[in-house]
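Chemist: Test case, fold it:
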Amino acid sequence: MFRILFACVALAFLSGPAASASEAEPGPRALEVSDVHPLAPLTILVSIDGFRPDYLERGATPTLSALAEGGARAAMRPSFPSVTFPNHYTLVTGLHPDRHGIVGNAFVDPVLGRFSMARKETAWWDQAEPVWVTAEKAGLTTGTMFWPGSETEIRGVRPAHWREFDQDLSGDARVDQILAWLDGPRPPAFATLYFDIVDSAGHRHGPDAPETAAAAAEVDAALARLLQGLEARGLRERTHLVIVADHGMAATDPSRVVWLDDLVDPAALDIIYAGAAAFLEPVPGREAEVEAALVGRHPHAECWTRSSIPARLALGRNPRVSSIVCAAEPGWLLATRARPVTRPGGAHGYDPAAPEMAALFIAHGPAIRPGTVLQELDSVDVHPLLGRLLGIAVSAGDGNPGDTLPAMIP
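Modeler: Here you go, the predicted model:
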């Protein structure tokens, strides 16, 4: 009986959000807490940083593999640059980095100065509204167990529950914090959960290393712990899990380096960051020299001015994007001899169309059609799915809300 009643409630929510970007702005009214308690589904957005979809095929992740088989899955295309902070903010805003403003893991704002991943001031983050802010405004309680931007007050709102990022906190401890919030007086209807060890292992050892598979297995065990905790609380059957990665990982080697020193005098550049992609700013007075030397195709790399970045990369309108942006061929790195590449490993940041950059996507829960394989899914499509699962109106983004409809039970 509970299953049938819950399905009716879930379907009522699913009928609300619009099926096209043009209709998404008005949307349904904001839900009151009384509308969704006590049968509202719990939605948990899980990020496994740097987890490629093909990692599921390595026999190390039985929990994730079972969720993928019993739900919807895809090889998801990230945004450019395919690095951590821009793509995490894309997942929760539905906007490409050019529109939400977190255009790299490092960048320079003309007014605010240089951004790093430690910056939490509101002004860096308020070009867009993440889904936990929208949910809180709609009367839902949210909790963020680590997510870029979640430690910041955005548009006057914070998650009801949040933790400052602590990389040393184990996966099990992160799961236990979510479960503790669920046991508290204000249990969240929406929560995020973030794991970073797969990305770290991929960088240090490469995507095909046994250490990376071991890290995937450790995260899989933490997710099994989460499912057991939900089951013990009678929540598993009414929980939606949306499990994503921000990007994939490509194998790198010191023999595959494009030396910026060989292309231009490094003293003429301010290197905002370099690796699979590079954000570069000419030193004042040397703009023409740098542009003439860098812009165009090079062996294993290509560089553009901000205004000439290809439209398919959806980058270049935001003033936080540097004057010159370069992208290396997958598996190659952009570097200088002052900071050389010294060992094999892994990297990301490449063209989102590169197969190595594909990101994991799994959705599982009572409103998700089992056995669905979504095609051409983009990271900007996750945000409208979250709105649909939560039963709240989210702002129109860069994705197509219809891209995830095949995964929904009608």
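Chemist: which element is the most centrally placed residue in the chain on?
Modeler: The chain has residue 88 as the residue nearest its centroid, 2.9 Å off, counting by CA atoms, centre = their mean. Using DSSP states H and E, the secondary-structure element containing residue 88 is helix 84-93.
Chemist: In terms of secondary structure, what does the next helix or strand after that helix contact?
Modeler: Elements were assigned by DSSP H and E; along the chain past helix 84-93, the next helix or strand is helix 97-100. In terms of contacts (3 or more CB pairs under 8 Å, 6 or more residues apart in numbering; DSSP states H and E), helix 97-100 is packed against helix 84-93. C-beta coordinates here come from the backbone N, C-alpha and C atoms, glycine included.
Chemist: Alpha carbons only: can I get the helix it packs on in PDB?
Modeler: As requested, C-alpha coordinates have been extracted for helix 84-93 and formatted as PDB (Å, rounded to 0.1, in the frame of the first residue of the first chain):
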ATOM      1  CA  THR A  84      36.200  20.100 -10.800                       C
ATOM      2  CA  PHE A  85      34.800  23.400  -9.700                       C
ATOM      3  CA  PRO A  86      33.200  24.600 -13.000                       C
ATOM      4  CA  ASN A  87      31.500  21.200 -13.500                       C
ATOM      5  CA  HIS A  88      30.200  20.800 -10.000                       C
ATOM      6  CA  TYR A  89      28.600  24.200 -10.200                       C
ATOM      7  CA  THR A  90      27.100  23.300 -13.600                       C
ATOM      8  CA  LEU A  91      25.500  20.200 -12.200                       C
ATOM      9  CA  VAL A  92      23.600  22.200  -9.600                       C
ATOM     10  CA  THR A  93      22.800  25.300 -11.700                       C
END
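Chemist: still on that earlier bit, assess the claim that the residue nearest to the centre of the chain and residue 147 are in contact.
Modeler: Yes. Under the criterion of CB atoms under 8 Å, residue 88 is in contact with residue 147, at a separation of 6.1 Å.
Chemist: which residues are common contacts for those two?
Modeler: residue 47 (CB atoms under 8 Å, 6 or more residues apart in numbering).
Chemist: So what are the structural domains in the chain, by residue number?
Modeler: The record, using automatic domain parsing to delimit domains, assigns the chain the ranges 2-250+352-407, 254-343.
Chemist: Dump the ones you listed to TSV, plus mean pLDDT.
Modeler: Below are the domains of the chain laid out as TSV (pLDDT from 0 to 100):
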stretch	mean pLDDT
domain 2-250+352-407	89
domain 254-343	97
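Chemist: Determine which stretch of the ones you listed is the most buried.
Modeler: By mean neighbour count, with neighbours taken as mean count of other CB atoms under 10 Å, domain 2-250+352-407 ranks first of the domains of the chain at a mean of 20.
Chemist: got the contact list for residue 269?
Modeler: Here residue 269 is in contact with 260, 280-283, 290 (CB under 8 Å, 6+ apart).
Chemist: If it is in a bridge, with which residues?
Modeler: The residues listed as beta-bridge partners of residue 269 by DSSP bridges are residue 282.
Chemist: now stretch 51-67, how far from the centre of its chain.
Modeler: Between the centre of stretch 51-67 and the centre of its chain there are 18 Å (CA atoms, centre = their mean, to the nearest Å).
Chemist: Report the backbone C-alpha coordinates of that stretch in PDB.
Modeler: Once non-C-alpha atoms are left out, stretch 51-67 reads as follows in PDB (Å, rounded to 0.1, in the frame of the first residue of the first chain):
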ATOM      1  CA  PHE A  51      34.800   8.600 -12.000                       C
ATOM      2  CA  ARG A  52      34.600   7.500 -15.700                       C
ATOM      3  CA  PRO A  53      31.600   5.400 -16.700                       C
ATOM      4  CA  ASP A  54      33.800   2.500 -17.800                       C
ATOM      5  CA  TYR A  55      35.100   2.100 -14.200                       C
ATOM      6  CA  LEU A  56      31.800   0.200 -13.600                       C
ATOM      7  CA  GLU A  57      33.200  -2.500 -15.900                       C
ATOM      8  CA  ARG A  58      36.200  -3.300 -13.800                       C
ATOM      9  CA  GLY A  59      34.500  -5.600 -11.200                       C
ATOM     10  CA  ALA A  60      35.300  -3.300  -8.200                       C
ATOM     11  CA  THR A  61      31.900  -1.500  -7.800                       C
ATOM     12  CA  PRO A  62      29.000  -4.000  -7.100                       C
ATOM     13  CA  THR A  63      26.800  -1.400  -5.400                       C
ATOM     14  CA  LEU A  64      27.200   1.200  -8.200                       C
ATOM     15  CA  SER A  65      26.800  -1.500 -10.900                       C
ATOM     16  CA  ALA A  66      23.600  -2.700  -9.300                       C
ATOM     17  CA  LEU A  67      22.200   0.800  -9.100                       C
END
